[in-house]
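> Sequence plus the predicted model coming up.
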Amino acid sequence: MNNNFEKLSEEKKKKIIDACINEFSKNGYINASTNNIVLNAGISKGTLFNYFENKRNLYLYILDYAIDFYVNLMLERMKDNNPDILNRILDWAKLRLSIAAEEPIAYQFFASAFVNIHDEIKADIMVRYNKLYSQGYKLIVENINYTLFREDIDKQKAVELIIASLTGIAEKYISLYKSMEDNGYEHIAKAFGQLNEYVSILRKVYYKES
């Protein structure tokens, strides 16, 4: 990437970044139109490629921006990690729902970047995915209270199943609500209540009787 892009004012950079996120979130990497991007950003195609050289570099820069934005927002709002992993993941799942409703286009781009990956950028995406997964998993399992689990189960496998279950359920609601006019914002309380019900079931399956 040309360093000239970083020298732009924050307002101009944001306009270009927003135009890219909007286009990539709708059409993905291959089908995204740089013509649409420059039209919405108010710049020429020559200027865009002077900054990023090619579409691949542009996409990866925007993806890195979206990852940083999403991760920093999650960390900023999730101040404390509950030692009860069910409550911890429930908090993370609720936070994902809230962010998806507040920033639907950015979240859609962020989430869709890691599915149906084109071969041209697959290696680049997997590097980012593996780093993100490693960091996220560490935050989720750090300092959890394993004494809450039943003695007759494999605790590590139980943790993996809990993470997969609650993450999948949160994504289900995000997919369900994203087509609504308010991106499901008014339905978040209902989704939170249902997530609590799932956690109650998981608690009975994996935890000792209290």
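Alright, I've got the coordinates.
> Residue ranges in this structure under the pLDDT threshold?
The model of the chain has pLDDT under 70 over residues 1-2, 176-189.
> surely Phe149 meets Lys155?
Yes - Phe149 lies in contact with Lys155 (CB atoms under 8 Å); the separation is 4.8 Å. (C-beta placed from N, C-alpha, C; glycine too.)
> Who has more neighbours out of these two?
Phe149 (19 against 16; other CB atoms under 10 Å).
> Please determine how far that one is located from Arg96.
24 Å (CB to CB, to the nearest Å).
> same deal with Ile153?
If you measure Ile153 against Arg96 using CB to CB, the figure is 27 Å.
> and these two? which has more neighbours close in?
The residue with more neighbours, out of Ile153 and Arg96 and counting by other CB under 10 Å, is Arg96; that gives 20 against 13.
> Helix or strand: which one has the more buried one?
Assessed by DSSP states H and E, Arg96 sits inside helix 85-102.
> Dump the following helix or strand past that helix to PDB, restricted to CA.
The helix or strand immediately downstream of helix 85-102 is helix 104-112, counting by DSSP H and E. Extracted in PDB, the C-alpha atoms of helix 104-112 (Å, rounded to 0.1, in the frame of the first residue of the first chain):
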ATOM      1  CA  PRO A 104     -24.400  -4.200  10.500                       C
ATOM      2  CA  ILE A 105     -22.500  -3.500   7.400                       C
ATOM      3  CA  ALA A 106     -19.100  -3.600   9.000                       C
ATOM      4  CA  TYR A 107     -20.000  -6.800  10.900                       C
ATOM      5  CA  GLN A 108     -21.300  -8.400   7.800                       C
ATOM      6  CA  PHE A 109     -18.100  -7.700   6.000                       C
ATOM      7  CA  PHE A 110     -16.000  -8.900   8.900                       C
ATOM      8  CA  ALA A 111     -18.000 -12.200   9.300                       C
ATOM      9  CA  SER A 112     -18.400 -13.000   5.600                       C
END
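> For helix 104-112, name the packing helices and strands.
Packing contacts for helix 104-112, counted by 3 or more CB pairs under 8 Å, 6 or more residues apart in numbering; DSSP states H and E, involve helix 10-31, helix 55-77, helix 85-102, helix 155-177.
> Alright, I will stop here.
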